[in-house]
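Peer 1: after the sequence you'll find the predicted model.
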Number of protein chains: 2
Amino acid sequence: MATQQDVARRARVSYMTVSRVVNNQPNVRQGTRERVLKAIHELSYHPNAAARALSAGQTKNIGMIFPPEEYILARAYFTELSVKLEQNLSSRGYHLFLGSIRSGSEDPGLHRLIAERKVDGLIIFAPAVDDAGVRLLAAENVPFVAVHGRSRGAQYSYVDTDNGAGMRLVLDHVTGLGHRRIAFVCGRLQEINARERLVTYRRFLRSHGIEYDERLVFHGDWSLESGYDAFTALCGKDRRPTTIVFSNDQMALGGIKAAHDRGVSLPQEVSVTGYDDITYASFSSPSLTTVRQPIDDIARIAVDLILERIRGEAPFKRIVLAPQLIVRSSTAPRYPADLTGPS
Amino acid sequence: MATQQDVARRARVSYMTVSRVVNNQPNVRQGTRERVLKAIHELSYHPNAAARALSAGQTKNIGMIFPPEEYILARAYFTELSVKLEQNLSSRGYHLFLGSIRSGSEDPGLHRLIAERKVDGLIIFAPAVDDAGVRLLAAENVPFVAVHGRSRGAQYSYVDTDNGAGMRLVLDHVTGLGHRRIAFVCGRLQEINARERLVTYRRFLRSHGIEYDERLVFHGDWSLESGYDAFTALCGKDRRPTTIVFSNDQMALGGIKAAHDRGVSLPQEVSVTGYDDITYASFSSPSLTTVRQPIDDIARIAVDLILERIRGEAPFKRIVLAPQLIVRSSTAPRYPADLTGPS
DNA sequence: CTGTTAGCGCATTCAG
DNA sequence: CTGAATGCGCTAACAG
């Protein structure tokens, strides 16, 4: 591997000049710069990341932290988001570490990632409200931003979407179709998104004069399995709901499977809705009415925010984006016969 | 951040001794070692990764390379595999970079990852037979292993599963159910897995006296969309196949969606099969008969292999594991009325 | 505009 | 068994 020394020799300059050229600093004469550039090219020189990190105190690496492992796979949405983040970061000259949080206790691997200074900052996905990871990051004094996780007096930047707005979009839609007996399936309530969606559901019912029935709320964990169980439980009741609102697509997909298994026809007998608009959402039968997250904006903003934090720019920013309703085939009027719908 | 110096002072030894303790080297008296350990703990000292990498020439980082971006999301299986890899690596003291290959030309981000020596080695997923990434790695002389990608005279280690065996499992199953008119949907033929599965399909037909009909082969790209299109195309023919064998689960799931949309009932009218056994495979309706990859073994072995390569242990190893047939509800006898099945 | 001097934190020689 | 010296490749201050 060629070093700055080698380049310097070949270009007949000191290696300091090489460093300047490499880092695009001014104060290098045009001719010299070109000579150095040529030498760099000829030797196919690349700066050594470790040396640079040691000397400059910057790794140009970002870490990515997920909720406990058993929930990562439960969320296709996070995979889609990771890819976008990597693209954004890559174009800014950064690389991305895949670091998970192990369930239960803290993750030693994650801790090392931070303590050994392998990253300049982190992006944390949907932290629990009282998250060990967040506490760790705050304690270690590492720049970080949260994606899909916020808390009232958050001492960090975050980008999230408006869960209240998203849920109201869904609930307006189904009540508009005449539904009144609406069941709700939560995600992991440790996460703010799950809580907000539940809260909005409750408030919406109240403000629309619909009685809140605890038996119509099922506590899931975002996974296909829990969605399956939710549907089974909710439709086993004597007074079956006419709509089930799931807190994410994956659970809704599990619910659709349960409906097939039980011979319940969707959406004629029951309407179902999801949240996230993952790729699969349009490939279920029926295709899923859901709430689309503005995933490209989220990824872009998350990257902007973390780089700002790393540069030490002062204020924490709290960005909340608007989601969008996507109506597909899993929702239908309460009384399909009455095509004009109830007034 | 505490350094070895700080620890050394506190433990009243030279920092060399600290280094020995940190690296678990012998030749440190028990008492001294304990004193150092205590100081390390008190200062919550962690070795600086950059310094260590610079000095030792090892980053303890591994990179992960995916097929072109448009195909990453098309493969839930890779997500599941990534998580397992991260777990294995983490327990061995390594961290994992998420590095993709951009479509078309080479990925500058990936190139930097390697050229700047941010990783000790790489794991490459399903490289194309003539893969730019593989060529790059070979040229740069970085240790790497392939997962689900092999070539005849491969100058690298790999772990893969036996596609021939997997496909025969599927084909034996469906022919055992009496099917003769069997369509096939390929993955991206740039990848060896896609090719081998296709080849096995052809050979199997021949050896079983079934005529090969080119119109029954659809060229997909692993994605839900292409599976949808495949089903639509194949079932639009005059002589519809009685079984469609998809080269992965995702395409099969797309196919199932198409069947619903066209009002084709599965598996009564058409049987379908997948490959990989991703989590969704058991949540479709009907649930998917498929081939399960031994994903835990693959992840473990991939990690063993790359660490061997990094240690410079000589020979390339080629590991091929056996897949397993998982029969669910998407396959049925050719003539459902005849429940004993054709003899 | 360019070169010199120092040191980032650690590991690898080698002496003692 | 322990310590002192040297350098990994680079950047940041200064000096010329």
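Peer 2: Great, that's in hand.

Peer 1: and the residue of the stretch 151-300 of chain A closest to DNA strand D?
Peer 2: A:Ser157 (24.4 Å; Cβ to the nearest atom of the strand). Any C-beta I mention is one placed from the backbone N, CA and C, and that applies to glycine too.

Peer 1: for A:Asn27, what are its contacts?
Peer 2: A:Arg20 (Cβ atoms under 8 Å, 6 or more residues apart in numbering or on different chains).

Peer 1: per-residue pLDDT, it?
Peer 2: At A:Asn27, the model reports a pLDDT of 79.

Peer 1: what is the helix or strand harbouring A:Val174 packed up against?
Peer 2: Here A:Val174, judged by DSSP states H and E, is contained in helix A:163-176. Applying 3 or more Cβ pairs under 8 Å, 6 or more residues apart in numbering or on different chains; DSSP states H and E, one finds that helix A:163-176 contacts strand A:182-186, helix A:192-207, strand A:243-246, strand A:271-273, strand A:290-292, strand A:324-326.

Peer 1: can you list the residues that contact the last one?
Peer 2: Contacts to strand A:324-326, defined as Cβ under 8 Å, 6+ apart, come from residues A:166, A:169-170, A:173, A:277, A:281, A:289-292, A:294.

Peer 1: in its sheet, what does it sit against?
Peer 2: strand A:290-292 (antiparallel) (DSSP bridges).

Peer 1: model confidence over the partner strand, on average?
Peer 2: 98.

Peer 1: which residues are in contact with it?
Peer 2: Contacts for strand A:290-292 (Cβ under 8 Å, 6+ apart): A:166-167, A:169-170, A:249, A:252, A:273-277, A:281, A:323-326, A:328.

Peer 1: buried subset of those residues?
Peer 2: A:166-167, A:169-170, A:249, A:252, A:273-277, A:281, A:323, A:325-326, A:328 (16 or more other Cβ atoms under 10 Å in any protein chain shown).

Peer 1: widest-spaced pair of those residues?
Peer 2: By the measure Cβ to Cβ, A:Met167 and A:Arg328 form the most distant pair in the buried ones among the contacts of strand A:290-292, at 17.4 Å.

Peer 1: from what I can see A:Asn193 touches A:Val147, true?
Peer 2: No: contact criterion Cβ atoms under 8 Å: A:Asn193 and A:Val147 do not qualify, at 10.6 Å.

Peer 1: who's more crowded, the two?
Peer 2: A:Val147 (25 against 22; other Cβ atoms under 10 Å in any protein chain shown).

Peer 1: so, low pLDDT: which residues of chain A?
Peer 2: A:69-73, A:103-105, A:336-343 (pLDDT under 70).

Peer 1: which bits of it sit near DNA strand C?
Peer 2: A:12-17, A:20, A:26-29, A:31-33, A:51, A:54-55 (Cβ under 7 Å from any atom of the strand).

Peer 1: filter the residues you listed to the buried ones?
Peer 2: A:13, A:15, A:17, A:20, A:28, A:33, A:51, A:54.

Peer 1: out of those, which two are the most distant from each other?
Peer 2: Every pair of these checked by Cβ to Cβ; the farthest is A:Arg33 and A:Leu54, at 25.7 Å.

Peer 1: secondary structure class of A:Asp99, three-state.
Peer 2: Actually, residue A:99 is Gly rather than Asp. strand (DSSP: H, G, I helix; E, B strand; the rest coil).

Peer 1: do the same with the one 10 residues further on
Peer 2: Under the three-state scheme (three-state DSSP), the conformation of A:Gly109 reads as helix.

Peer 1: isn't it right up against B:Ser90?
Peer 2: Yes: the pair A:Gly109 / B:Ser90 is scored as a contact, 3.7 Å apart, by Cβ under 8 Å.

Peer 1: overlap of the contact sets of those two?
Peer 2: A:Ser100.

Peer 1: what parts of chain A come near DNA strand D?
Peer 2: A:1, A:3-5, A:15-16, A:19, A:22-23, A:45-48, A:51-52, A:54-56.

Peer 1: report the buried members of these.
Peer 2: Applying 16+ other Cβ under 10 Å to these flags A:4, A:15, A:19, A:22, A:45-48, A:51-52, A:54 as buried.

Peer 1: reformat those residues as JSON lines; add secondary structure and distance to B:Arg262.
Peer 2: Shown next, in JSON lines, are these (DSSP: H, G, I helix; E, B strand; the rest coil; distance: Cβ to Cβ, whole Å):
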{"residue": "A:Gln4", "secondary structure": "helix", "distance to B:Arg262": "64"}
{"residue": "A:Tyr15", "secondary structure": "helix", "distance to B:Arg262": "68"}
{"residue": "A:Ser19", "secondary structure": "helix", "distance to B:Arg262": "64"}
{"residue": "A:Val22", "secondary structure": "helix", "distance to B:Arg262": "59"}
{"residue": "A:Tyr45", "secondary structure": "coil", "distance to B:Arg262": "59"}
{"residue": "A:His46", "secondary structure": "coil", "distance to B:Arg262": "54"}
{"residue": "A:Pro47", "secondary structure": "coil", "distance to B:Arg262": "57"}
{"residue": "A:Asn48", "secondary structure": "coil", "distance to B:Arg262": "58"}
{"residue": "A:Ala51", "secondary structure": "helix", "distance to B:Arg262": "61"}
{"residue": "A:Arg52", "secondary structure": "helix", "distance to B:Arg262": "58"}
{"residue": "A:Leu54", "secondary structure": "helix", "distance to B:Arg262": "62"}
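
Peer 1: of those, which pair is most distant in space?
Peer 2: A:Tyr45 and A:Leu54 (18.2 Å).

Peer 1: re the thing from before, run through the bridge partners of the residue of the stretch 151-300 of chain A closest to DNA strand D.
Peer 2: A:Val145.

Peer 1: next up, the contacts around it.
Peer 2: A:145-146, A:305-306, A:308-309, A:316-319.

Peer 1: now swap in A:Gly164 and tell me
Peer 2: A:196, A:199-200.

Peer 1: mind doing that once more with 6 Å?
Peer 2: A:Thr200 (Cβ atoms under 6 Å, 6 or more residues apart in numbering or on different chains).

Peer 1: check which helices and strands the helix or strand harbouring A:Glu80 sits against.
Peer 2: Under the criterion of DSSP H and E, A:Glu80 resides in helix A:76-91. With contacts taken as 3 or more Cβ pairs under 6 Å, 6 or more residues apart in numbering or on different chains; DSSP states H and E, helix A:76-91 sits against helix A:295-311.

Peer 1: the helix it packs on: which residues count as buried?
Peer 2: Applying 16+ other Cβ under 10 Å to helix A:295-311 flags A:295, A:298-310 as buried.

Peer 1: C-alpha coordinates for it, PDB please?
Peer 2: Provided in PDB are the C-alpha atoms of helix A:295-311 (Å, rounded to 0.1, in the frame of the first residue of the first chain):
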ATOM      1  CA  ILE A 295     -39.000   7.000   4.000                       C
ATOM      2  CA  ASP A 296     -36.700   8.900   1.600                       C
ATOM      3  CA  ASP A 297     -37.200  12.100   3.600                       C
ATOM      4  CA  ILE A 298     -36.700  10.300   6.800                       C
ATOM      5  CA  ALA A 299     -33.400   8.800   5.700                       C
ATOM      6  CA  ARG A 300     -32.100  12.100   4.300                       C
ATOM      7  CA  ILE A 301     -33.000  14.100   7.300                       C
ATOM      8  CA  ALA A 302     -31.600  11.500   9.700                       C
ATOM      9  CA  VAL A 303     -28.300  11.800   7.900                       C
ATOM     10  CA  ASP A 304     -28.300  15.600   7.900                       C
ATOM     11  CA  LEU A 305     -29.100  15.600  11.600                       C
ATOM     12  CA  ILE A 306     -26.400  13.200  12.700                       C
ATOM     13  CA  LEU A 307     -23.800  15.000  10.600                       C
ATOM     14  CA  GLU A 308     -24.900  18.300  12.200                       C
ATOM     15  CA  ARG A 309     -24.500  16.700  15.600                       C
ATOM     16  CA  ILE A 310     -21.000  15.500  14.800                       C
ATOM     17  CA  ARG A 311     -20.000  18.900  13.600                       C
END
